[in-house]
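Student: following is a predicted model, sequence given first.
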Amino acid sequence: MPEKSSSTSPAQQARARRRRSVWAAGVLVAATATAVVLVATGGSDPDPRPDSPRSAASVEAVPGDSAPAGPDLARRDADDPLAVGPADAPVVMVEYSDFQCPYCGRFARETKQELLRTHVKEGSLRIEWRNFPIFGEESEDAARAAWAAGRQGAFWEFHDRLYAESRGRNTGAFAKDKLVAHAKAAGVADLDRFRKDMDSEEAHRAVARDRGEGYALGVTSTPAFLVNGTPVLGAQPTEVFDKAVRDALTRSGSGSAKK
């Protein structure tokens, strides 16, 4: 008998993608329901919207070796200014963060720097940023400003300046004039273009796309991550992310990264 074809129709592929998205949302929602710790001791900031699926709690969900893979939301666009690391890296970590989130800042100043020094430098990891502003007007403005800085190749410099220290939320620290000053210090050359880009419809659409992707997945707090589809919630210790990357490398067939 002839072998049956293993190809699938576009409709079947679409259904499979929907099933993966529903599964991943379920993982994140289940994590928020079963792995809750106090914000004061945890590592994530909840979505403050009144219609949010969760309230003032933070989540620590540590992936294990047996954690199933979720949807592949990596864009792998070689020209994406909001990403660092090779587009064909065996592991992609998608990060959903808010510039006013203190736990996101902790991750940016500590864990991310170690990941850049090791896995990203070795070419085994790519980090793709997603703007996920949930803490009000200044979060929205900072997200669009970061996108605008990326248009001139200065996203990561701008990112590092905004996370350089903890700041009060919606206290004017990220007012538009302050964001322009940060852009100048980050090396953005054309500040007039920066201002136009920051207020453009394209900036609004780009931020809405990232946030919509996160909400569709089930993200309700920051920071939240997918490491080759495996969710990690909160500003976990560096060792947790290192293990998540190494586990993903093993599952991808690429082996473990060198120390």
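Tutor: That came through fine.
Student: hmm, N170 is touching E137, no?
Tutor: Yes: with contact defined as C-beta atoms under 8 Å, N170 reaches E137; the gap is 6.4 Å. C-beta coordinates here come from the backbone N, C-alpha and C atoms, glycine included.
Student: quick one, which of the two is more surrounded?
Tutor: N170 (14 against 11; other C-beta atoms under 10 Å).
Student: before we move on, which element is that one in?
Tutor: Under DSSP states H and E, no helix or strand contains N170.
Student: so what's it up against?
Tutor: 100, 135-139 (C-beta atoms under 8 Å, 6 or more residues apart in numbering).
Student: now do A89
Tutor: So A89 contacts 123-126 (C-beta under 8 Å, 6+ apart).
Student: thinking again about what came up before, top of the contacts of N170 by neighbour count?
Tutor: Q100 (27 neighbours).
Student: so who does that one touch?
Tutor: 133, 135-136, 138-139, 142, 167, 169-170, 174.
Student: ditto for P86
Tutor: Counting by C-beta under 8 Å, 6+ apart, P86 has contacts 123, 126.
Student: least confident of the contacts of Q100?
Tutor: Comparing pLDDT over these, the lowest score belongs to R167 (93).
Student: surely that residue and A173 touch.
Tutor: Yes: if you go by C-beta under 8 Å, R167 and A173 touch, sitting 4.0 Å apart.
Student: and the residue nearest to R211 when sequence neighbours are not counted, backbone torsions?
Tutor: In space, and not counting its chain neighbours, R211 is closest to F132: 5.4 Å by C-beta to C-beta, 6 or more residues apart in numbering. When read as degrees, to the nearest 10, the backbone of F132 gives phi -130, psi 70.
Student: what are the ranges of the helices in the stretch 101-250 of the chain?
Tutor: 102-106, 112-115, 121-122, 137-151, 155-162, 176-185, 191-198, 201-217, 238-252 (DSSP state H, counting those that start in this stretch).
Student: what's the closest of those to D47?
Tutor: helix 201-217 (8.7 Å; C-beta to C-beta).
Student: ok, residues contacting that closest one?
Tutor: So helix 201-217 is contacted by 21, 24-25, 28, 71, 73, 96, 130-134, 140, 143-144, 147-148, 197, 224, 226 (C-beta under 8 Å, 6+ apart).
Student: pull out the buried residues from the residues you listed.
Tutor: 21, 24-25, 28, 71, 73, 96, 130-134, 140, 143-144, 147-148, 197, 224, 226 (16 or more other C-beta atoms under 10 Å).
Student: can you check the pLDDT for L249?
Tutor: 97.
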